[in-house]
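Engineer: Here is a sequence with its predicted model. Questions after.
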Amino acid sequence: MMTIGRCWMMAFGLTLMTAACGSSDAPDTSTEEDPASIKRRPTPVTEFTPVELEATVDNLIAELNEHANKPMHAEILLKVVTGFFAPVATAANRAMGELGMTGNVVGRLEETGDQQEAVELQNQQIEQTVAGGAEAIGLAPFGDGNASAIDAAVAKGVHVVTLDADVATSKRSIYVGTLNEAAGATAGETLLKMLPPAPGTVIIHGNVNTVWVTGLERTQGAQDVLEAAGYKTLVNQVTLTEMGDAEDAASMKTQIETEDPPVVGMIGMFNESYRCAMAAEAAGRTDIPIVAFDFDPRTVNYMREGLINATHTQRQYYEGYLVPYILYGIKNIGLDATKKILAPQMADDSRVDTGIDVVTADKIDAYNDFLDALGVNQ
């Protein structure tokens with residue numbers, strides 16, 4: 001068993017996995033006066049600091065520090081430890097260091113193209129993690145295909161907290177992350193403030209595929225807000241490959257040139273949002289207000305050029321940071337007591353909403369500074 005904070009490698013099945021390196025700035029969590037005291041790394045206070053979320057973490061720590069906490073071994077299983085999940089891995093390592101947990105943050109270096117293979121591998125990871133003595137698991141699942149493995153772990157007394165994506169059909173204890181319908185609605189409200197009065201058409205670069213439930217929920221959240229305000233919405237299905245840059249941009253260019261009523265706004269729901277700006281530029285309609293999702297470098301470049309007005313970023317850092325604390329809370333003060341403290345951030349009895357950040361084009365540098373202060377980038 002290895003203490004968190006080291007780089008390590010481990011084979012699950014035939015696939016080589018790797019853990020993110022632990023943060024070297026994690027504070028010493030013990031003192032001579034109170035060896036059980038939990039001390040956090042200070043969080044920078046900026047306009048982007050989620051004050052209520054931070055207060056909830058502090059309240060959980062305060063409650064835990066009232067108890068004689070027991071040591072804990074947990075594993076955080078991510079899809080990958082790079083790209084979108086890099087801040088998750090950094091934050092999870094940091095939180096585990098602060099709590100004095102043993103365990104690892106595990107994930108691939110890059111995503112596999114075979115979804116079924118990825119699901120099966122992750123189910124093997126869950127099984128082997130339980131067999132290895134883990135008391136709890138933080139899991140970024142691939143979907144309902146992980147439900148049986150989660151339930152088997154829970155049946156053996158291992159609490160599971162999901163992050164980034166949920167498996168609501170399983171017996172997981174809590175989900176931590178973005179609530180996609182609410183996030184989509186927020187993005188719709190952001191764009192709404194920039195639009196001329198209705199009527200008009202808004203192109204949504206989103207998802208209509210019912211298999212991809214979270215993508216559909218986010219798209220529908222934006223669609224509902226815009227249609228309620230009197231706009232016609234037209235969903236352009238995102239292509240989740242690099243080839244999609246040209247395909248999606250060309251498709252939306254045609255829509256800009258032909259739609260009736262005319263296109264008055266565009267909204268990208270995923271990391272490929274920059275394709276909206278590509279389409280508007282190709283159509284000679286750089287006047288169209290565009291809002292985006294995520295912080296892809298190409299999206300940021302278009303924001304600096306004035307072609308994308310704002311983007312919406314998920315709080316991956318806080319997803320990764322919260323999960324070890326929640327698992328530790330469930331063990332030491334119980335699930336119900338932990339939920340009671342998390343209540344201000346809970347959308348219902350089992351989902352913690354970490355929220356999203358709205359970053360306007362004039363706030364790019366300020367947001368980057370905030371991320372740098374956290375020790376992450378996204």
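Structural biologist: Nice, thanks for sending it over. Numbering: from 1, shown residues only.
Engineer: residues in contact with residue 245?
Structural biologist: Neighbouring residues of residue 245 by CB atoms under 8 Å, 6 or more residues apart in numbering: 272, 275, 278. For glycine as for every other residue, the C-beta is placed from the backbone atoms N, C-alpha and C.
Engineer: go on, residue 155?
Structural biologist: Contacts of residue 155 by CB under 8 Å, 6+ apart are residue 171.
Engineer: coming back round to it: of the contacts of residue 245, the lowest pLDDT goes to which?
Structural biologist: Of all the contacts of residue 245, residue 272 has the smallest pLDDT value, namely 95.
Engineer: Now for that one, how many residues are close by?
Structural biologist: Counted by other CB atoms under 10 Å, the residues lying close to residue 272 total 25.
Engineer: in this protein, which ranges drop under the pLDDT threshold?
Structural biologist: 1-36, 112-113, 378 (pLDDT under 70).
Engineer: which residues in it form helices?
Structural biologist: 51-64, 86-99, 115-131, 147-155, 180-192, 213-228, 244-258, 274-282, 297-304, 316-333, 335-342, 364-374 (DSSP state H).
Engineer: hang on, the earlier thing: list just the nearest of the contacts of residue 245 to residue 331.
Structural biologist: Lowest distance from residue 331 to the contacts of residue 245 (CB to CB) belongs to residue 272, with 39.7 Å.
Engineer: Once you drop chain neighbours, what's closest to that closest one?
Structural biologist: Leaving aside its sequence neighbours, residue 272 sits nearest to residue 238 (CB to CB, 6 or more residues apart in numbering; 5.5 Å).
Engineer: doesn't residue 248 make contact with that neighbour?
Structural biologist: Yes - with contact defined as CB atoms under 8 Å, residue 238 reaches residue 248; the gap is 6.5 Å.
Engineer: shared neighbours of those two, which are they?
Structural biologist: With CB under 8 Å, 6+ apart, residue 238 and residue 248 have common neighbours 205, 272, 275.
Engineer: Spit out the contact partners of the residue nearest to residue 272.
Structural biologist: 205, 206, 207, 215, 244, 248, 269, 270, 272, 275.
Engineer: gap between it and residue 212?
Structural biologist: Using CB to CB, to the nearest Å, residue 238 is found at 9 Å from residue 212.
Engineer: and if you look at residue 222?
Structural biologist: Counting by CB to CB, the gap from residue 222 to residue 212 is 15 Å.
Engineer: same thing with residue 289?
Structural biologist: Distance from residue 289 to residue 212, by CB to CB: 26 Å.
Engineer: and what of residue 73?
Structural biologist: 34 Å.
Engineer: Over to residue 227?
Structural biologist: In terms of CB to CB, residue 227 sits 21 Å off from residue 212.
Engineer: Domain boundaries for this structure, per the record?
Structural biologist: 9-178+315-357, 180-313 (automatic domain parsing).
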